[in-house]
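Colleague: no sequence for this one, just the structure:
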């Protein structure tokens, strides 16, 4: 019962590395075993609803290019047509998960109540489709940034009514997510930030945001939602400064508001780059801080200063990302979401398929390379060995707090310490990685 | 008893805005009263030793340009000549404070013990000069990054001996700072970061750095040092990633290691810019988080991606910085340090004077503008009014945690809330600021 | 015959620096004489139609915020209401000029012919309004980037039909500009660039663009248009790479296609910043290359990597810009266009006025400071003196080509040349500038 | 007759992709045929003298880390030891070429004449070694930026004596290059730029630089040097603005001074990135403009804003670079120079080998992938087809200048043109590339 939107109806097959069929996987083979687990269970791919089925192809200098049959999707009928096409694509790709905002799936109502009712209706519709297709929900989220009412923020809006409206909206979305068996619930602080400090009280806004997140966590426990609450860091855009700048900033926020054991992070490659970090930095840091949750696997153009949300295409980079994820234990509730959009010139239905196939293949290659690096063990062994001195008596005592500054200073002078450096071997290690990617 | 290094011996006079004398202040008038306090007591200027008297004018593509009589300063005699010139300049400028690293003031010894003894000797020499001139010490610090031993970090070095060496060094410097009546002690994590994640265990390094900072704080209390311990954030350079990336990152670190009430931040304009922030952002954030300490008032060229450490010269920017500082209560132990260096082509002794005179005048203009904005009150009033809704019953209850998510959602629906935005008035506020700068 | 859109009907008065009236000029006094010319004739302010009257407040993460009575302006009646309000604002501000795209002023027709006819009708309507108000046209331009047909470029589109469509459109717009007495005609290469090199033949696209610009110039002469043809450089956005990257790039393009005496540049501060340059760099370079034409006086946020198009608000920066413009002889056909948009939260009609008043005042202060610097002469004198050695015999002969490399080398060796550097005095010069701003 | 500096004396072997020997090539197999030519003849690898044998490991925040036996190389004896080690490494690596500055190879003399004589002596020494080892000279160059005399530029110095000194120096170096059979002569404008516009006359400096380059070209022809003169673009650092910003800027400069057929560009990946471009952009542009010459194959860290000069390690990026090079016909006199330096922590002799082996292997993989893409032909075919419309009658006539703007406009209207866009297929093409890398 195809919508006839796509030029094919059978699922994309796995044909192996030598295939030249652009509508086949060359590397992603869902059932192939990697480190004792199905590739699909490692990667936990999700397709996002908004970029693929809601975005019209506009940019700040141009209008719609995509012209889908369900646009403008301002009726429930069109919203359902959109859902039909979306689930059709999830199935064609064999994607185990999808993600959505409330705003993506239902037309805004004339009132809060109507918007809520429409979301519930669409959630039911999704529920049927999920059952029929076997597609699961990686996470749900609420769009608290597109509507004019949120122009000065949602949780951090100077107007408490907007805070309330946003809070009520998150309640609806989290409950819909819960009902659909979502594995996580995400909060991206779209306009939680400021345009100018001249009109902003950042201390007050921090208190608002802290309270808001606590409300969300309290409600999660109240309704028995077992998924993970995730914050998605981004440094700026749309606002000049976003409060959830990067992983380190989010960690400080969580700690300040007593939430470091309740909320984790959903890290996007593109946002990492916009914040001046490598993707693997953000992954390794979140793992070290115990707040790693999930990823948005979409890159930013290195030369563009705005959010380009492109599908991944560089295997060595992707391999390092999965190396850090696997090393930290892999995903639990999280997964690999493509928060990626087609270039606005790629407006054909098959472009949606090419983009996802390419992204999934790149991730599969990256995962396999990362797994091989882990199994081989040289890289991890090198690092362990580099810090081995801390297993010694003095190292251990210094780190555990058994020696004071004065005792350490006395030790330095008594032993006549004159530590000699050792090569950091960066190029050697880069070559080592290149054996696997 | 001049060294004859500078082409004048009388202090730089204040001659008022109409002066065209390049060796006079046009705006900095130490004793002028601003908001009920001497201008000097507001600004608390400090001159840094390293850039002005130690740096030779090299850059990654070129050698020495400055050729000072005390170079290479590898004997105690040359070190003292350097100190003579330095204090002469502090006096000429009427700067109330200076700052130094151990490395700036004494030649490195053949052993830890010899380096320590030389530092002590120079500290005594400084003590006499401080008494003679009335110049105070804003802060002392240890250079834990130039020597080859620190190439892979100091506190975060994989080798515990380097950690120990660094710890011993900080002990010496903090004690010298204490003896000289220093108002603060600063730690800039020069190479506390990494060059490549491939050889790095960031969790281990974080534990090392946390312990190190706790050692410092414990020692401070033990010796009765009343100054403030300050961390200076910087995002990168010399390393690819510095752990003290920005104010938000440092806050998270302090909180993680239980230090948020013990350590504050020394914020540099240039480092803020390199981290993708405005200076006022970092100041306002540190104030909101309760960790604002002191500033390095040196800008970075907006088009250069490395640390340019230039003297401030844009009054509107500087005015906004002091606005946030004054609004937060002004400096306590902190002050305005010029961690700024001459351009390497500005090698004449008088260039040192021009640079500091210009910087001090720009700060004085900025301070006066900031004070006028505060006294006039419109800007602060606008902000206060913008959040006034939170004084209402529902706002208050939501923020204090008296309402649950479900109650808030019910309230939204019951009241049929449909919040309408208000203009953020950014351009109006920018015009308002331009009445003062 | 006011539209009642604005909360006032009398022109914005000049009230002097002490005024606190937010709807008065504090510095812009059109008839005040600066360097022997009316301030208005120096600055030649223009208001742009698109940002102020066409943009709806959307950004990539949010919808309309402005909700003007003439939106969606898809009928000629609404287009005329928009024009009524626009000219009302031009008059209130006392702006001598405006600028427009075809796309701004008329709804797109169902065919090229209908679009052309509508433009002609609106041009007539403008003509009446210009006569009634005395407002002139600084420049006209065609929007060759918003419509879906231009998604892969206009002149550089792989499809020659798009090239033709764009060429025909420019013809209409340039003729309308001519009819309305426009002082210039601008071409901003909105999508003349590429998204990915993988599908692009940049040599072919360069040939297309070169031909296109020659067509425009040939037509200009044919119809007797005396205005200047201007290209507006921008490095990227919306495309990954724009062919008119910066002034230096445009110069090379013009030279390659024999157009360096026919086309000049319209330089935008924000685009300069996005290209990694200071505004004054682009101005000084264009002047040195003989292609300076006009400016778009709108800044980019220094921390944002996308086009923020903000009104100017930093007087020292603006002063340096006008210093370079005045030093090069000032504007001829060009002027100061505010290609600036309100922040999307500033949606009240009075925000449009605040923004332009603030921008005009900042420019007036900058102009006066620049004029004072020029009159005082120290800065220019310093520079002239720095190159004085080239007036000597050897300098002159080397520069004029009278000495060969071998002769110069022989001269160096014969004279035993050992040139000693002189201080570049950067800080001294920055202080000098700060006497005026 | 080894210097015993390296821990091995036999050349690095090729052992194939499965080798785990860190001192073996896994992909670079000099004699392997690719597109009908030896791999070595395609890649034309060169090792640079300065980074590998002259740089001491300093950075702006730290001192020497490398401590080579020939440091400080301030005698001819040490200079020769350095040369012995350098040629030993070239031989171990099987690198067909090297590159050098005068400054790298001889201690500066007390006079111009002495410096010249020392260079000549070292050039003779090199000549013997080149004959003994078979290593050739890819290019020579003069260091016109490190010495204090060049602090305000060489050719663009305000002092004509510095211009003369620089000119004489280039004469010596070019002649040494000629004598050693160099394939090219490079000019990198180290300090040809400015620190501040306040003290700079950029028009005058452009005239100086134009004359300088013409002097060089004239001398080349006079002495019969058949190599290519190359300018190396860089946007900034050490100066705030470098005149040879990027390929487009250099093209404009050449055209302005009548040099576009005499001088080509040496493009560095790292400099491209610092200028806001991808490497392949600069390569494709230079090819389209007819000025492509040679490459420096060293990357910049994407998150660092200063010149990091790292060895290449990302195969997909390198493959795209060679794709554009091969598509343009491959190198003629140019080659692949590693203008790359070890990380300063990689101070062991074997690190020099690891770094170059890794870089050469990455390039070999990139070359083979690029060759396969070319042979397969789909990518080039797609591009050709995309522009096929221009082969039609109207396209041809418009591009050749046979139709005027008015004729084109009439054609649009007469034919009722309404061009419909086609998908740009970016993701499809990215997937296509990923079949080869």
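Modeller: Done, it's in. Because the structure is a prediction, the values reported are computed rather than measured.
Colleague: could you report the neighbour count for the nearest residue to residue A:269 once chain neighbours are set aside?
Modeller: Once flanking residues are discounted, residue A:269 sits nearest to residue A:279: 4.2 Å by Cβ to Cβ, 6 or more residues apart in numbering or on different chains. Glycine gets a C-beta too; all of them are placed from N, C-alpha and C. Residue A:279: 24 surrounding residues under other Cβ atoms under 10 Å in any protein chain shown.
Colleague: helices of the stretch 51-200 of chain A, start to end?
Modeller: Counting by DSSP state H, counting those that start in this stretch, the stretch 51-200 of chain A has helices at residues A:76-93, A:102-105, A:112-133, A:160-179.
Colleague: what angle sits between the longest one and helix A:76-93?
Modeller: In this structure, helix A:112-133 runs at an angle of 30 degrees to helix A:76-93, with axes from the mean of the first three to the mean of the last three Cα atoms, to 10 degrees as the basis.
Colleague: from residue C:127, how far off is residue A:165?
Modeller: Applying Cβ to Cβ, to the nearest Å, the value for residue A:165 to residue C:127 is 48 Å.
Colleague: my bad, should have said residue A:150
Modeller: According to Cβ to Cβ, residue A:150 and residue C:127 sit 42 Å apart.
Colleague: what about the two, which has more around it?
Modeller: The neighbour comparison of residue A:150 against residue C:127 (other Cβ under 10 Å) goes to residue A:150, with 25 against 15.
Colleague: correct me, but the more buried one touches residue A:161?
Modeller: No: counting by Cβ atoms under 8 Å, residue A:150 stays clear of residue A:161, with 11.7 Å between them.
Colleague: anything in the top helix by length along chain A near chain C?
Modeller: The longest helix of chain A (DSSP state H) is helix A:349-376. No: applying Cβ under 8 Å from any Cβ of the partner chain, one finds helix A:349-376 out of contact with chain C, separated by at least 12.4 Å.
Colleague: one more: stretch A:190-210?
Modeller: Yes: interface with chain C: stretch A:190-210 contributes A:190, A:191, A:195, A:196 (Cβ under 8 Å from any Cβ).
Colleague: tell me the one among these nearest to chain D.
Modeller: Taking Cβ to the nearest Cβ as the measure, chain D lies nearest residue A:190 of these, at 24.6 Å.
Colleague: quick check: closest non-adjacent residue to that closest one.
Modeller: Nearest to residue A:190 is residue A:145, by Cβ to Cβ, 6+ apart, at 2.7 Å.
Colleague: same check on residue A:162?
Modeller: Excluding the flanking residues, the one nearest residue A:162 by Cβ to Cβ, 6+ apart is residue B:419, at 4.7 Å.
Colleague: quick one: contacts for the one you found?
Modeller: Applying Cβ atoms under 8 Å, 6 or more residues apart in numbering or on different chains, one finds that residue B:419 lies in contact with A:149, A:157, A:159, A:161, A:162, A:165.
Colleague: just say helix, strand or coil for it.
Modeller: Secondary structure, DSSP: H, G, I helix; E, B strand; the rest coil: residue B:419 is coil.
Colleague: do you know the pLDDT at it?
Modeller: On pLDDT, residue B:419 comes in at 98.
Colleague: where's it relative to chain D, distance?
Modeller: According to Cβ to the nearest Cβ, to the nearest Å, residue B:419 and chain D sit 40 Å apart.
Colleague: ok so, going back, contact partners for the residue nearest to residue A:269?
Modeller: By Cβ under 8 Å, 6+ apart, the residues touching residue A:279 are A:267, A:269, A:272, A:273, A:317, A:320, A:321.
Colleague: the stretch 201-350 of chain A: helices as residue ranges?
Modeller: A:202-223, A:247-256, A:269-274, A:279-289, A:315-327, A:349-376.
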